[in-house]
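Visitor: Build the 3D model from these lines:
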Amino acid sequence: MARKRVATVARGVSSTPDAGAAASTEVRIRTRVRVRVRSRPAPPPRTRTRKKPLKYNPDWPKIAVARMAAHAESGVFEGENLIYLVNLYLFSSLLYYKYHVSFMSDEVFDALCRYLHGKYDELRDAGVWWVGKTVTRGNLEAGTCLGVTYPTGIVMMANEYLKTRRRRR
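Guide: Numbers count the residues shown, from 1 in each chain. All right, here's what the predicted structure looks like:
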């Protein structure tokens, strides 16, 4: 809370009588002025960035796998988000090399590798975390993804895909 302090300010007004008067008279008028003194500036008003907190969706691996499966059949990658395409690359290579399950055809996988190899310089700017460690230029050029540690989210999606695949049989 702001403290208030009362200060007295004196204003001097002098008046000189006609030329015939010998003495000048000085009149002082005293007024009271209220001055607000703040010890620190007021904090800015609080604003909410989100109306509702984000909720964790436990079905996100199922949703991601369904989207990737539909996209893997088409084989068209132009105009897609690069983060999504790298996740598709890691997901399909994990299934192929670790679980021996073919998620997409070899031709589509090779086309994906060629597309990502052409966009390799843009991957880091697009926000892909795994450029240089998991996703290397040599692996994309060779059309493979051997000898890497896969991210946890990709492993979770692969496990979900394998569960749904077993249920269908």
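
Visitor: Show me the domain layout of the chain.
Guide: Structural domains annotated on the chain: 3-16+24-37, 60-168, as defined by automatic domain parsing.

Visitor: how about JSON lines for these, with distance to residue 44 and mean neighbour count added?
Guide: Yep, even glycine has a C-beta here, placed from its N, CA and C like the rest. Converted to JSON lines, the domains of the chain look like this (distance: least, CB to CB, whole Å; neighbours: other CB atoms under 10 Å):
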{"stretch": "domain 3-16+24-37", "distance to residue 44": "19", "mean neighbour count": "9"}
{"stretch": "domain 60-168", "distance to residue 44": "30", "mean neighbour count": "15"}
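
Visitor: Least reliable of those by average pLDDT, please.
Guide: Ranked by mean pLDDT, these bottom out at domain 3-16+24-37, which scores a mean of 52.

Visitor: List the residues that contact residue 144.
Guide: For residue 144, the contact set (CB atoms under 8 Å, 6 or more residues apart in numbering) comprises 93, 97, 113.

Visitor: mind listing what the most centrally placed residue in the chain touches?
Guide: Note on the chain: the residue nearest the mean C-alpha position is residue 127, at 9.9 Å, using CA atoms, centre = their mean. Counting by CB under 8 Å, 6+ apart, residue 127 touches 82, 83.

Visitor: can we see that at 7 Å?
Guide: residue 83 (CB atoms under 7 Å, 6 or more residues apart in numbering).

Visitor: All the strands of this structure, residue numbers only.
Guide: Secondary structure of the chain, counting by DSSP state E: strands at 3-15, 25-37.

Visitor: Spatially nearest residue to residue 68, not counting backbone neighbours?
Guide: Using CB to CB, 6 or more residues apart in numbering and skipping residues adjacent in sequence, the residue nearest residue 68 is residue 88, 5.2 Å away.

Visitor: State the distance from the residue nearest to residue 64 when sequence neighbours are not counted to residue 88.
Guide: Spatial nearest neighbour of residue 64, chain neighbours left out: residue 157 (5.4 Å); criterion: CB to CB, 6+ apart. Separation of residue 157 from residue 88 (CB to CB, to the nearest Å): 10 Å.

Visitor: swap in residue 104?
Guide: For residue 104, the distance to residue 88 (CB to CB) stands at 8 Å.
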